[in-house]
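> build the 3D model from these lines:
(one chain, ligands or ions: 1)
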Amino acid sequence: MDKILIIGCAGQIGSELVPALRKIYGNDNVIGSDIKTSPMTEELAKGGPFEPLDVLNAARLGEIVTKYRVTQIYHLVAVLSALSEKDPRRAWQINMDSLFNVLELAREKKLSKIFWPSSIGAFGPTTPRIATPQMTVMEPNTVYGISKLAGERWVEYYWNKYSVDTRGIRYPGLISYKTEPGGGTTDYAVDIFFEAIKSGHYKCFLKEDTHLPMMFMDDAITGTIQLMETGNEKLSIRSAYNLNSLSFSPSELYEKIKKRIPHFRIEYKPDFRQGIADSWPASIDDSIARKEWGWKPAYDLDKMVDIMLSEIKKKLA
Ligand code: AKB
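Numbers count the residues shown, from 1 in each chain. The predicted model follows:
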């Protein structure tokens, strides 16, 4: 039976991935870990094992892997795009050293699979912006993007050189209500829902017509598990797959919310995050993921907006 370690389990993806994996693999077989305890880690610890872990501490990571006889790791720790620009050296250290710790351990202990998330941030201003292909020009000009592109090259290297079974996804902006994201450029598309309900007013840090690729979290979780469960022989990409779902601008999202909350108002005050967004694609060509492992998103914009508003209303009530 597989034993799965999720590193960074209390974050936006981990907080939803852990319960989904526990449903499939059993509570005791999915171990959550995070750098500090929080209400989210306490909630996850009620459902199964939890270990405090600073992933920069390779020895402690090794102890946990040995203790639980871990066979798979989902390494979800990252400093996101906007935060990375504020402290580039720290972001590089956390994003890259943590990845090396996981890859080296996977090589030494012959772990069966590693999942590592890349991002649309790995693309750059010279990349074709519409229906961005899987293989194309990649010249990211953000610290986060440089670390994601370097990470993609490294995970593929470990597959080619050491046969470490690495898998990854270039996530678009992820939209969820359970945990709010922190430090990203696509975060506006989550914050806007909370502010629409709380204050009826949102100050958006991107321009109204900035189209970016986005995805509802349920689709991201389904796609991630689907990729990890696909047979080795079907996968041609060992760095990270392009996945597409939604593409919208702040004004398009605003109109959808306003239809449901008529008094909702928005103002646009672009800041440094506009430059990051302008360097990213507006939509993604994910035909390889669709062909190789059957990726297909289930949520359109209206369905996502309905769920976000009703769940956040319940949460804030
Ligand atoms: C960010 O905005 O930094 C992330 C991402 C697109 O990877 N959400």
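> quick one, helices of the stretch 101-250 of the chain?
143-162, 188-198, 217-229, 250-260 (DSSP state H, counting those that start in this stretch).
> look up the closest residue to the residue of the stretch 151-300 of the chain at minimum distance from the ligand, ignoring the ones flanking it.
Proximity of the stretch 151-300 of the chain to the ligand (CB to the nearest ligand atom) peaks at residue 184, 2.8 Å away. For glycine as for every other residue, the C-beta is placed from the backbone atoms N, C-alpha and C. Once flanking residues are discounted, residue 184 sits nearest to residue 80: 4.0 Å by CB to CB, 6 or more residues apart in numbering.
> could you count how many residues lie near the one you found?
Close neighbours of residue 80, defined as other CB atoms under 10 Å, add up to 21.
> I'd say it and residue 182 touch.
Yes: using CB atoms under 8 Å, residue 80 makes contact with residue 182 at a distance of 6.9 Å.
> ramachandran coordinates for the residue nearest to residue 184?
phi -80, psi 180 (degrees, to the nearest 10).
> report the contact partners of it.
Residues near residue 80 by CB atoms under 8 Å, 6 or more residues apart in numbering: 144, 181, 182, 183, 184, 185, 187.
> who wins on neighbours among those residues?
residue 185 (31 neighbours).
> give me the domain ranges for this structure.
Taking automatic domain parsing as the criterion, the chain consists of the domains 4-172+217-242, 175-214+245-282+299-316.
> show the end-to-end separation of the shortest one, please.
Domain 175-214+245-282+299-316 has its terminal residues 17 Å apart, counting by CA to CA, to the nearest Å.
> lowest-confidence one in the contacts of residue 80?
Among the contacts of residue 80, residue 181 has the lowest pLDDT, at 78.
> residue contacts, it?
12, 80, 174, 187, 190.
> residues near residue 222, how many?
17.
> need the contact list for it.
Residue 222 neighbours (CB under 8 Å, 6+ apart): residue 298.
> do residue 3 as well
Applying CB under 8 Å, 6+ apart, the residues contacting residue 3 are 29, 31, 68, 69, 70, 71, 72.
> distance check, it against residue 60.
17 Å (CB to CB, to the nearest Å).
> ditto for residue 231
Residue 231 is 33 Å from residue 60, by CB to CB.
> ok, now residue 315?
In terms of CB to CB, residue 315 sits 33 Å off from residue 60.
> tell me which of those two has more neighbours.
residue 60 (16 against 11).
> next, that one: phi, psi?
Torsion angles, degrees, to the nearest 10, at residue 60: phi -60, psi -40.
> what's the closest non-adjacent residue to it?
Going by CB to CB, 6+ apart, residue 60 has residue 53 as its nearest residue, at 5.9 Å.
> and if you look at residue 149?
residue 122 (4.5 Å).
> quick one: contacts for the one you found?
138, 140, 145, 148, 149, 152, 170, 240 are the contacts of residue 122 under CB under 8 Å, 6+ apart.
> one more pass at 6 Å, please.
140, 145, 148, 149 (CB atoms under 6 Å, 6 or more residues apart in numbering).
> measure residue 59 to the ligand for me?
Separation of residue 59 from the ligand (CB to the nearest ligand atom, to the nearest Å): 29 Å.
> this completes my enquiry, with thanks.
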